[in-house]
Structures are given as C-alpha cells and as structure tokens.
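Undergrad: Could you work out the structure for the sequence below:
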Amino acid sequence: MLKLTFLGTSAGVPTKQRNVTALAIECLNPYASSANQQNSKSHPWLLIDCGEGTQQQLLHTKLSLHQLTAICITHVHGDHCYGLPGLLASAAMSGRRQPLTLIAPKSIATLLDAIVLITELYLPFAIDFIAVEDTVEGQVGKVDIALNEQHQLTIDITPLSHRVSSHGFGITQNISRRTLNTAKLIAAGIPASHLWGSLQQGQDVVTDEGQQLNSTDYVNHETQRTRVVVAGDNDSPELLSAAVIDADLLVHEATYTTDVLTKIQAKNPDFDPMHSSARLVGEFAHNSGIQNLILTHFSARYQSFENPNSSTPNMAHIRADAQSGYQGNLWLAADFAQYIVNGASDLTNNQKHDRVQYLGPARDHEK
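TA: Got it, this is the predicted structure:
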C-alpha cells in the first residue's frame, strides 16, 4: 500500500488555501506488525517535488525527515524546487545522518552546490544524486531502492512536454511475504518446533528422525504490487501511455480548464504555458483505461470551493471540465488531503475499481 499526502497543490504561486507543489508518498507494509503500522514516523516515504514552504507543511503531518528515503524533482521551475535547500538544512539540524537519494535534473545539483557555497550550508549526510538526464537517455529509466529484503521500490522515469525538461515518476512498490503451510506440516506429521521457523525463512532442514524437509514444499510466496504514476508539468498526457499500464492511480496536473487555457494561448500566440487542461487529462485517462485519477497543480485563479453556478473560477469548473471526458474515480487534490492506494492482488473484481480511498485531511490527525 502507498499513502499519499498532498503538501502543496497550487500552480506557480501559493494561495491562502494552497501551497505550491509537493507530494509525500508513504510506503506501507501491510504485513508489518500493527505497532509499526500505527507509528507513522517508522514508515519510509518519498517526496515528489519540493516547492517553497514544503517543510512548513510537513509540520502539520506526522512525517519525519529521518524516514525520508528519496526526493524526486520533476523539473526546475521554482514552484517545484525552491523549498529543497531549506528542507535539507532542516533535516541536517534535526540530526539526520543516513544518506538520502535525490533524483532530479542536473541543474538541481548546481543549485545545491551554490547554496552550500554561498550560505555555508553543512549537510552531515551524503546525498546520492541521480540525474534524470543520465537515467532517462531518451527512454524510460529505472531506479531500484531496497527498503528491506521483502520491501522493494522501483522508480521509473518518463520524459514529458513542458517549457523546460520535465518528467513523470512511476512508483512501484513490491512487498513479498513467506507464509508457512502449517496444515500441510501437521498432515505430514511434522510437529511445531524451531524447524518451522527455519522453513519459513527459506531454509531446508532435517528432522531428528533424519527426514529432509525442503522449504519450497511448505512455504507459500505472496507479493503485493502497488503502482502510482505522478506527472510533472506536462501538456501532452499521452506521453505517459506506457507508464500508466497496470497503474493503480495517476496523479497529473490540471492547471486550467479548457476554455481558460484556450484564451491564454489565443491572447499571446508567442507564449504557450505548456500545461494540461482538466479535460485533456480526463480524456487521456479515459482512453487509457485508468480507473483512478487525482488532479492537482491548479492555477491560483481557481478558488477552493465548489459551486458550478458561480461566476468565480472554482473547483467545480475544474471537475466539470475533467468529467466531460472521464467517468472514472476522480479526486481534486487539496493541501493535506490523504489517500491510500491498495494494489493487493487478492482484491475482487469489484474491489479493484476502489483501489484508491480518500482518508481525509492530515491536519485532522495532528497530535
């Protein structure tokens, strides 16, 4: 399972209700002990983009910078990366020492080098920097992160279309579990003992009577796969066609409604903002068979309330624009909104349409 917390959902500039772009993704292991599941600070998590003020938003959640595993920056526009130096500085001041993976454009490394030099920023932890340009090389690249022996993450990268080089990140979590077939052992006359534990750990054993027991005969292997695709700024959603195959959820920008985007393009033919409208993303999701779609990165002109009859641009207009081309499960992200994504293989066909559930705002769960 993956748990999404939107830390910023505004495009370009913050508003009173929305900060600029950032998304936290917690990597939950449903097979872990219940005590660990209840302690959010024990979960590894990823950060997709880090607009200015992201670290302040984090203070309203239970997320810890000590458990932050990787940061992915989609592109170099300020509303997606200006918060990165401050967040890293706060991680250092909070005592973080373990290395941190940073997947980002090469110019982000240049930015951080300048910040370190000019401000004398000291980071007591190593940054494992992975340049998206080197990873992609014109095709989809992948980065593997092993959280532990049974818990694996793969981050694949897809080039998108924007005024600067922009990318989408596919987050695939695979969790494996070995379960012991105790009924089979009992039926074979093998009583419970320390040998059972060895078998479950994948070890072949020999009983006191000299009987050889192979682990593969008594252990079942289960794997839970959950996949989320998060796009950076992009005016061509079809570039994600390969990435969204078998995805449980697509998170994509919808900066404008179709009519507003058309007016902006017509007003200044020499400048194309190169963003998507809600309808454009909705049509792509429909044509691609995507069952769950979250839209984010809304222009500051759109107020957070929903009233389709209001003359003031608002979320109802974004929703209507998206639904003109899409009839699947649709959510419009708000700051601190949380969603759980369950990619369990044992879901029924009906449940597979409900792989994503809205949990409510993170602020409601503050201590």
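Undergrad: Going by C-alpha atoms from here, please, whenever you check contacts or count neighbours.
TA: Will do.
Undergrad: quick one: buried residues of the helix or strand residue 91 falls within?
TA: Assigned by DSSP states H and E, residue 91 belongs to helix 84-93. By neighbour count with 16 or more other Cα atoms under 10 Å, helix 84-93 contains the buried residues 84-89, 91-92.
Undergrad: quick one, longest helix in this structure?
TA: As assigned by DSSP state H, the longest helix anywhere in the chain is helix 106-119.
Undergrad: got the residue ranges for the helices in the stretch 251-367 of the chain?
TA: Ranges of helices in the stretch 251-367 of the chain, per DSSP state H, counting those that start in this stretch, are 258-267, 278-288, 315-323.
Undergrad: Could you do the stretch 51-200 of the chain as well?
TA: 54-58, 78-81, 84-93, 106-119, 132-136, 182-187, 194-200.
Undergrad: so what does the helix or strand following the last one touch, helix or strand wise?
TA: In other words, helix 194-200. Per DSSP H and E, helix 194-200 leads on to strand 205-206 as the next helix or strand towards the C-terminus. Applying 3 or more Cα pairs under 8 Å, 6 or more residues apart in numbering; DSSP states H and E, one finds that strand 205-206 contacts helix 194-200, strand 212-213.
Undergrad: re the thing from before, looking at the helices of the stretch 51-200 of the chain, which is closest to residue 334?
TA: Nearest to residue 334 among the helices of the stretch 51-200 of the chain is helix 54-58; the distance by Cα to Cα comes to 12.5 Å.
Undergrad: Determine how far the closest one lies from the middle of the whole chain.
TA: 17 Å (Cα atoms, centre = their mean, to the nearest Å).
Undergrad: which strands and helices sit next to it?
TA: Under the contact rule (3+ Cα pairs under 8 Å, 6+ apart), helix 54-58 is packed against strand 2-8, helix 84-93.
Undergrad: rerun at 10 Å
TA: Contacts defined by 3 or more Cα pairs under 10 Å, 6 or more residues apart in numbering; DSSP states H and E place helix 54-58 against strand 2-8, strand 22-27, helix 84-93.
Undergrad: Now the last one: average pLDDT?
TA: The predicted model gives helix 84-93 an average pLDDT of 98.
Undergrad: got a list of contacts for it?
TA: 49-56, 58, 64-66, 68, 71, 73, 78, 94, 96-97, 100, 108, 111-112, 115-116, 121-125, 127 (Cα atoms under 10 Å, 6 or more residues apart in numbering).
Undergrad: could you redo the last one with a cut-off of 7 Å?
TA: With Cα atoms under 7 Å, 6 or more residues apart in numbering as the test, helix 84-93 has contacts from 50, 55, 65, 112, 121, 123-124.
Undergrad: Including distance to residue 271 and pLDDT, could those go into CSV?
TA: Supplementary listing: the contacts of helix 84-93 in CSV, determined by distance: Cα to Cα, whole Å; pLDDT from 0 to 100:
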residue, distance to residue 271, pLDDT
50, 26, 98
55, 33, 98
65, 39, 97
112, 30, 97
121, 37, 96
123, 40, 97
124, 43, 97
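Undergrad: Weed out the non-buried ones from those.
TA: So, of the contacts of helix 84-93, 50, 55, 65, 121, 123 end up buried under the neighbour-count rule (16+ other Cα under 10 Å).
Undergrad: least trustworthy helix or strand in this structure by mean pLDDT?
TA: Taking mean pLDDT, DSSP states H and E as the measure, helix 34-38 is the helix or strand of the chain with the lowest mean score, a mean of 51.
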